[in-house]
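> Sharing a sequence plus its predicted fold:
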Amino acid sequence: MNKFWQVTWHEYSRHVLRKRFIFALLSVPFFIAITIGLVVLIIWMQSTPTPVGYIDQSGLLANPVPRPPVKFPERLIPIQAYPDEAKAMADLEAGKLQVYYVVPADFLQSGQVTQFYKNNPEELAVNQFNTILTANLLSKQPADIANRILNGNQLIVQSVDKSREVSLEGIVNIILPFIAGILFIVAMSTSSGYLLQAVVEEKENRTMEIVVTSVSPGQLMSGKILADIGIGVTQLVVWGIFIVLVLLLGKPYFSFLSGLTFSGSMIVTLIAVMVPAFVMICGLMAAVGATVTEASEGQQIMALFTIPIWIPYLLISVFIQNPNSPLVIAMSIFPLTAPMSVAMRIGFTNIPSWQVLASIVLLVLSAIGAIWLAGRVFRLGMLRYGQRLRWNEIFSRQRV
Amino acid sequence: MHTVEISHISKSFGALKAVDDVSFEVEKGEIFGLLGPNGAGKTTSIRVMLDIFKPDQGNVNILGGPMTEAKKDRIGYMPEERGMYQDIPLDRCLTYLATLKGLTPAEAHSRMVRYLQSFDLMSSRYKKVKELSKGMQQKAQLITTLIHEPELVIIDEPFGGLDPVNTQMVKDLLREQRDKGVTILMSTHQMHQVEELCDRIVLIDHGRTVLYGRLDEIRRQFAGHAVIVQTPDAIPELAGVTNIEKHNSSAIRLNLAQSTSTQDVLRRLVEQGIRVDQFEIATPTLDEIFIRVVQKDNQELGAKS
């Protein structure tokens, strides 16, 4: 294994095998799992098995059709028929029913039922009884019409050129690239923070002087940057696998996930934008680390780069209202705001190819520039203790 | 062929000229002293030598030519400010730094174990570096410097902060390395250690070479025409002795006229029945030479400015 790989593996393993990294890595899936668990628990608890009663005076439910199934975690609440109100009321008083309904003889004309309860019934219980009524009202209709009415309206909004359409079911496809962009940037920020910290620490504990007499500054810096990208990718892979699993497993149960599709072009665009952005940020972090003398100072300077990355997120309303406005287009092309802007616009609009291309080209050029800058600053500033490197020194003709 | 050839190197940082036309050579298998007051340019010279800094002017030849990446594996360097990863276990730190010197992980591991045993650090191998005492960290740093069996060792202030036992250990180690044929360039302020260990020295002040050569020749060059005599008797006036002064609590210094040889003085002392316990030609200590040269240099620079 040559020295470049030694540096890469050392940098990667010393961060990834730390307890605090593993904790941070698993905390995202953990909190997502906790949130999903709570949602499931709430739905499960809301579909309490305390029965719902009814007195059918209309004859609609004399020979009821089979009950439409419910999706996990909702439970099927028992629905009991009562011959008269007195018996139903007695059971309600005894707590054997959470609610009962009287379906009057003129129900088919009035469309109204009367509800009796002591405590507000669960919404799911009311919904399940309504579904029973609707299913029985539609029992004489053809199955496809009955199903369409039972499933409700599906409003699809289509762009004039028909290249895009959005529906309530497909809302997840708007949110997905946005979430992917946020995860990418969180991974990028945290792992490039590790890089900054590693460089400053090596300066502070004077290990840098030993290391640069063993490997070239170029090998050292590129090894660190690759390791840093590896750390970010590790985070993304772990989080990505978990999120995809959640989406795929949840798709049959949650209606808002039913329209979920993974678009190849979205994935390719995100990767093409994020990878050079990642390299650019790493280069800038390495340069900052070599310039400053203390970790706290480095974090302050780092904010100069990380704040612009999040600006598009703060201007989300502008992106939603007009995802093709000049401001939004400018932010999609400016290298520091491009990653988040492109991720958001993928969901909200069709980004013209030239804009995506311009964004990628500028990011690649910025990444190359950041690496060049990092290399120069690294050589000039790596052994500068107690005195910060000045900009005019960086761009002077000094040999490095 | 010299192991190190420094030829007229200069290096500036902004307006500060840290090294100004410094030249010296280090011969194979010697312990060479790089001396100078604080801020004289010693560390910058070492960093230029190791290609950490590029010189503004001048050339460096090391191990037979310009510095290359491959040559880094043949050099062991211990900087003045000790550098070790603090947050990882000692064995991992040593193995990693050894692999950066071109050893395979297996080689690095086996040598690391051997060195830890010989430096009595085996019981601390799994401790984080920051948990080790200063002396232990110093030993660990020495292991890092020597583990890849370098041909050239560059060691900056090797005795800083060491107790007498560890100082002796480092001296023994340096001699042992020299006996194996390793060339050692040592930068230190501790002149008595230089007198004990070094064959040749260079003294740098204000970035310039002010003294360079064999240690014994330099001392002879700075020796006055005098002898040191230790005797229980009072010394009378002697022909050829211009004056007598106290050297220390038990010895006196006889300054001689130019025409008088030391043999003449010894003969006259014996002829006069003076009991002579010790008789030696007065040569200055390296400390005295250092102070004299640096003060003279400061005066010259002061006069110029």
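All right, it came through fine.
> ok, whichever residue of the stretch 151-300 of chain B sits closest to chain A - contacts?
Nearest residue of the stretch 151-300 of chain B to chain A, counting by C-beta to the nearest C-beta: residue B:154, 8.5 Å away. Every C-beta, even on glycine, is put in place using the N, C-alpha and C of the backbone. Residue B:154 makes contact with B:46, B:49, B:50, B:75, B:76, B:77, B:78, B:184, B:185, according to C-beta atoms under 8 Å, 6 or more residues apart in numbering or on different chains.
> What pairs with the helix or strand where it lies, parallel or antiparallel?
Using DSSP states H and E, residue B:154 sits in strand B:152-156. Sheet pairing of strand B:152-156 (DSSP bridges) gives strand B:75-78 (parallel), strand B:183-187 (parallel).
> May I see those organised as a markdown table, with mean neighbour count and mean pLDDT added?
Output for the strands paired with strand B:152-156, formatted as a markdown table (neighbours: other C-beta atoms under 10 Å in any protein chain shown; pLDDT from 0 to 100):
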| stretch | mean neighbour count | mean pLDDT |
| --- | --- | --- |
| strand B:75-78 | 24 | 94 |
| strand B:183-187 | 24 | 95 |
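> SS state for residue B:244?
At residue B:244 the chain is in strand, as set by DSSP: H, G, I helix; E, B strand; the rest coil.
> okay but it is in contact with residue B:256, surely?
No: using C-beta atoms under 8 Å, residue B:244 is not in contact with residue B:256, being 10.7 Å away.
> neighbour count winner among these two?
It is residue B:256, of residue B:244 and residue B:256, that has more neighbours when counted by other C-beta atoms under 10 Å in any protein chain shown, with 21 against 17.
> Could you list everything that one pairs with in the sheet?
residue B:241.
> Do you know the pLDDT at the residue of the stretch 101-250 of chain B at minimum distance from chain A?
Per C-beta to the nearest C-beta, residue B:101 is where the stretch 101-250 of chain B lies closest to chain A, at 5.4 Å. Residue B:101 is assigned 94 on the pLDDT scale.
> so who does residue B:45 touch?
Taking C-beta under 8 Å, 6+ apart, one finds B:6, B:9, B:19, B:22, B:34, B:204 in contact with residue B:45.
> Does the nearest residue to the fifth one once chain neighbours are set aside have any beta-bridge partners, and if so which?
Just to be clear, that refers to residue B:34. Leaving aside its chain neighbours, residue B:34 sits nearest to residue B:187 (4.2 Å; criterion: C-beta to C-beta, 6 or more residues apart in numbering or on different chains). For residue B:187, the beta-bridge partners are residue B:34, residue B:156 (DSSP bridges).
> Surely residue B:187 touches residue B:156?
Yes: here residue B:187 lies in contact with residue B:156, judged by C-beta under 8 Å, at a distance of 4.7 Å.
> contacts for the host helix or strand of residue A:301?
Using DSSP H and E, residue A:301 maps to helix A:295-314. With contact meaning C-beta under 8 Å, 6+ apart, helix A:295-314 is reached by A:182, A:185, A:189, A:192-193, A:196-197, A:200-201, A:204, A:281, A:284-285, A:288-289, A:291-292, A:319, A:331, A:334, A:336-337, A:339-341, A:344, A:388.
> And for stretch B:128-138?
When contacts are defined by C-beta under 8 Å, 6+ apart, stretch B:128-138 is touched by residues B:82, B:84-90, B:93, B:121, B:124, B:140, B:161-163, B:166.
> how deep is residue B:227 tucked in, by neighbour count?
Residue B:227, neighbours per other C-beta under 10 Å, totals 22.
> For residue B:191, give me its contacts.
Applying C-beta under 8 Å, 6+ apart to residue B:191 gives the contacts B:35, B:285, B:286, B:287, B:290.
> Got phi/psi on the third one?
Yep, that's residue B:286 we're talking about. Dihedral pair for residue B:286: phi -60, psi -30, per degrees, to the nearest 10.
> in the stretch 151-300 of chain B, which spans are helices?
Under the criterion DSSP state H, counting those that start in this stretch, the stretch 151-300 of chain B contains helices at B:164-179, B:191-197, B:215-222, B:262-271, B:286-304.
> Please read the previous query as pertaining to the stretch 1-150 of chain B.
In the stretch 1-150 of chain B, the helices defined using DSSP H, counting those that start in this stretch lie at B:42-49, B:90-99, B:105-118, B:134-146.
> mind checking which of those is nearest residue A:150?
The closest of the helices of the stretch 1-150 of chain B to residue A:150 is helix B:90-99. By C-beta to C-beta, the value is 64.0 Å.
> got the CA positions of that closest one in CSV?
Listed in CSV are the C-alpha atoms of helix B:90-99, where the atom choice follows Å, rounded to 0.1, in the frame of the first residue of the first chain:
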residue,chain,number,x,y,z
LEU,B,90,0.7,4.5,21.0
ASP,B,91,1.1,1.3,19.0
ARG,B,92,-1.2,2.6,16.3
CYS,B,93,0.6,5.9,16.1
LEU,B,94,4.0,4.3,15.8
THR,B,95,2.9,1.8,13.3
TYR,B,96,1.3,4.4,11.1
LEU,B,97,4.3,6.8,11.2
ALA,B,98,6.6,3.8,10.4
THR,B,99,4.5,2.8,7.4
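> which other helices and strands contact the one helix or strand in chain B whose mean pLDDT sits lowest?
For chain B, counting by mean pLDDT, DSSP states H and E, helix B:286-304 ranks last in confidence among helices and strands (a mean of 78). Applying 3 or more C-beta pairs under 8 Å, 6 or more residues apart in numbering or on different chains; DSSP states H and E, we find helix B:286-304 packed against helix B:191-197, strand B:200-205, strand B:208-214, helix B:215-222.
> most tightly surrounded among the ones you listed?
The highest mean neighbour count among the helices and strands packed on helix B:286-304, using mean count of other C-beta atoms under 10 Å in any protein chain shown, belongs to strand B:200-205: a mean of 23.
> Next, the angle from that strand to strand B:208-214.
With axes from the mean of the first three to the mean of the last three C-alpha atoms, to 10 degrees applied, the angle from strand B:200-205 to strand B:208-214 works out at 170 degrees.
> And for strand B:200-205, what's in contact with it?
By C-beta under 8 Å, 6+ apart, the list of residues contacting strand B:200-205 reads B:19, B:22, B:24, B:26-27, B:30, B:32-37, B:40-42, B:45, B:194, B:209-215, B:218, B:286, B:290, B:293-294, B:297-298.
> which of the contacts of residue B:191 sit farthest apart?
B:35 and B:285 (13.1 Å).
> Looking at these two, which is more packed in?
Set residue B:35 next to residue B:285 and count neighbours by other C-beta under 10 Å: residue B:35 wins out with 26 against 13.
> can I see the domain layout of chain B?
As recorded under automatic domain parsing, the domains making up chain B are B:4-219, B:224-281.
> Which residues of chain A lie near chain B?
Residues of chain A lying close to chain B (C-beta under 8 Å from any C-beta of the partner chain) are A:1, A:3, A:6-7, A:10, A:14, A:201-202, A:205-216, A:383, A:385, A:393, A:399-400.
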